[in-house]
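Colleague: I would like to see how this sequence folds:
(2 chains)
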Amino acid sequence: QKEVEQNSGPLSVPEGAIASLNCTYSDRGSQSFFWYRQYSGKSPELIMSIYSNGDKEDGRFTAQLNKASQYVSLLIRDSQPSDSATYLCAVRPNAGGTSYGKLTFGQGTILTVHP
Amino acid sequence: DTAVSQTPKYLVTQMGNDKSIKCEQNLGHDTMYWYKQDSKKFLKIMFSYNNKELIINETVPNRFSPKSPDKAHLNLHINSLELGDSAVYFCASKAPPETQYFGPGTRLLVL
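Modeller: I've put the predicted structure just below:
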């Protein structure tokens, strides 16, 4: 089992729709969860972080975390063509406080928003 | 004002050569990382330094050797380059508590 697994996609949604990106992780003790966006040929950019169960909203983005199910998702409301990118889920494993911020990434989901 | 910078942006070289990639951050962060992103976009950590001290060393061939002359710089030297080393290498630095800022990447092609 991969440590962090995402739907590889690609995911294609029409402009204005909700895009739903999913991620599962294997380390039950993980505490910190992140979504990065990576445009083609560019570097990853942090768009959301979430640490506790429930929803966290930031503009058009909502991150959802369910630690019991070891599941984290990202919803993008009112999707725009400029949201077309690869979305990377990242998890900081629980290593007894010695993980030093080490992140384990999923393989990414390619999102295309078409006009 | 680039926060995390890397040089070079592109590197094309022959198998067996030795090459270095440099990274600098002007954010005042203590912790820096090297990641490798393969052709399938899978991003994997290689090394991390905290204030010039190596703290994460993943299962990476010993042909790869990181060096941190000071906490603002983290360089990566690769000996005896192989075809499988072709990838994009990203440097990152970490702001407390957990936000990582990535550099623009170095695209390495080994022929």
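Colleague: Would you mind giving the secondary structure of B:P97?
Modeller: Secondary structure, DSSP: H, G, I helix; E, B strand; the rest coil: B:P97 is coil.
Colleague: shaky segments in the chain?
Modeller: No chain was given, so I picked chain A. The model of chain A has pLDDT under 70 over residues A:1, A:95-99.
Colleague: not quite, I wanted chain B
Modeller: In chain B, residues with pLDDT under 70: B:1-2.
Colleague: Tell me the residue of it that sits nearest chain A?
Modeller: As assessed by Cβ to the nearest Cβ, chain A sits closest to B:F102 within chain B, at 3.9 Å. Any C-beta I mention is one placed from the backbone N, CA and C, and that applies to glycine too.
Colleague: contacting residues for the residue of chain A found nearest chain B?
Modeller: Closest residue of chain A to chain B, Cβ to the nearest Cβ: A:S43 (3.9 Å). The neighbourhood of A:S43, defined by Cβ atoms under 8 Å, 6 or more residues apart in numbering or on different chains, consists of B:90, B:102-105.
Colleague: How about the secondary structure of it?
Modeller: Each residue gets one of three states, and A:S43 gets coil by three-state DSSP.
Colleague: Phi, psi for it please.
Modeller: In terms of degrees, to the nearest 10, the main-chain angles of A:S43 are phi -90, psi 160.
Colleague: What sits closest to it if chain neighbours are left out?
Modeller: Leaving aside its sequence neighbours, A:S43 sits nearest to B:F102 (Cβ to Cβ, 6 or more residues apart in numbering or on different chains; 3.9 Å).
Colleague: Is the closest residue in space to A:F61 that isn't next to it in sequence in a helix, a strand, or coil?
Modeller: Spatial nearest neighbour of A:F61, excluding adjacent residues (Cβ to Cβ, 6+ apart): A:M48 at 5.5 Å. Look at A:M48: counting by three-state DSSP, its state is strand.
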